[in-house]
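> model this:
(one chain, ligands or ions: 1)
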Amino acid sequence: MHLKVLYHDNCFDGASSAAVFTRFYRERIRADVQVTYEGLSHKAGGSAIDPAVFTGDENVIVDFRYSQDPRLTWWFDHHVSAFQVPGDEAHFRADTSGRKFHDGTRRSCTKYLADVAHERFGWNPAPMADLIAWAELIDGAQFTSPQQAVALEEPALQLMTVLEANRDATFIPRVIEQLQKVGLGELVQQDWVRAPLLPLLARHRDSIELVRRKARLERGVVTFDVGDEGLDSINKFISYFLFPDARYTLWVGRSEKRTKISLGSNPWRPELRRHDLSKLAERHGGGGHPVVAAISFQPDELAKARAVAAELLTELEKADSMP
Ligand SMILES: [Mn+2]
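Okay, the predicted model is just below:
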């Protein structure tokens, strides 16, 4: 019996959801199961999930969008933009398995999944309470201050940093296994986690300085472009650490895999948000949450991404666009 766990790649909530699901599955559904893990990431154009990923006898997707593939047997997501392919939402609504769950109002997939597993399947989430609380804080951007989010002192925030930057296909599956067995403090002290973490913390300090040099605040929007610096992932709170009164951040980055526009609203100034960022992103083939969203382009589409970003900046600078 093979359980395939598909999770939102490069994401603390994705890895935590995979760990919580697997432990729940082993404890409440079936213990004698061989588990493999594979990350899913957003590709340009919002296309359907590659059918080749469904290689298990059971296949679960956590913290990532829906698939109509009949081999998908479990699904948990909290993204507002979970239904991207025509017919996805109707297919989900017609499902009678009782094993597919979506709630776009939840802060983290991890806590949502743990609550469903507890309430509907009698699972005890207590041994994983610390991980679940951190996923809720991180994915819900509930940090006490921009300083906490940027200092990266807590083990969970250090793990978040490693997960977001990782490009080694074997690393996150190993993290997911460990998250089911040891605490976050112990995990980030292990050599194989320290090895990628230490250079990332050094790079993080450099990226604070890079954003400090490049970022401008225009009518409440922090904008910067690191498309020429080869970066597509930067701690998303640096903007608010540098500009505590900003409403939004909008930036363009690029890696070997993609060019990306990132859109965010200041989690410490929620009253300043006047736009649904997932709706803005969807208009250009992206998605996310009302408070934070992204649009992916091909690696060679930097000029196109810059043009779209200029359009979005105009939109964000308008004082009010929510009905
Ligand atoms: Mn999530």
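> mind listing the helices in the stretch 151-300 of the chain by residue range?
155-165, 171-179, 184-187, 191-214, 238-242, 277-282 (DSSP state H, counting those that start in this stretch).
> ok now whatever helix or strand T36 lives in, how far from the chain's centre?
In this assignment (DSSP states H and E), T36 forms part of strand 34-40. Relative to its parent chain, strand 34-40 has a centroid offset of 17 Å by C-alpha atoms, centre = their mean, to the nearest Å.
> Including distance to W74, mean pLDDT and mean neighbour count, could the helices of the stretch 151-300 of the chain go into CSV?
For every residue, glycine as well, the C-beta is placed using N, CA and C. As requested, the helices of the stretch 151-300 of the chain are exported to CSV (distance: least, C-beta to C-beta, whole Å; pLDDT from 0 to 100; neighbours: other C-beta atoms under 10 Å):
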stretch, distance to W74, mean pLDDT, mean neighbour count
helix 155-165, 22, 95, 21
helix 171-179, 16, 98, 19
helix 184-187, 25, 98, 16
helix 191-214, 28, 95, 14
helix 238-242, 36, 96, 23
helix 277-282, 24, 96, 22
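> Tell me which of these sits nearest to the ion.
helix 155-165 (11.9 Å; C-beta to the ion).
> what's that closest one in contact with?
If you take C-beta atoms under 8 Å, 6 or more residues apart in numbering as the criterion, helix 155-165 is touched by 10-12, 14-15, 131, 134, 137-138, 148-149, 151-152, 171-172, 175, 184-185, 187-188, 193, 196-197, 200-201, 204, 233, 235.
> relative to strand 34-40, how tilted is it?
70 degrees (axes from the mean of the first three to the mean of the last three C-alpha atoms, to 10 degrees).
> hmm, back to that, in JSON lines: the helices of the stretch 151-300 of the chain, plus distance to T259.
Listed next are these as JSON lines, based on distance: least, C-beta to C-beta, whole Å:
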{"stretch": "helix 155-165", "distance to T259": "17"}
{"stretch": "helix 171-179", "distance to T259": "23"}
{"stretch": "helix 184-187", "distance to T259": "32"}
{"stretch": "helix 191-214", "distance to T259": "17"}
{"stretch": "helix 238-242", "distance to T259": "19"}
{"stretch": "helix 277-282", "distance to T259": "14"}
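> will you turn those into a markdown table that also has distance to the ion?
Output for these, formatted as a markdown table (distance: least, C-beta to the ion, whole Å):
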| stretch | distance to the ion |
| --- | --- |
| helix 155-165 | 12 |
| helix 171-179 | 14 |
| helix 184-187 | 17 |
| helix 191-214 | 21 |
| helix 238-242 | 20 |
| helix 277-282 | 13 |
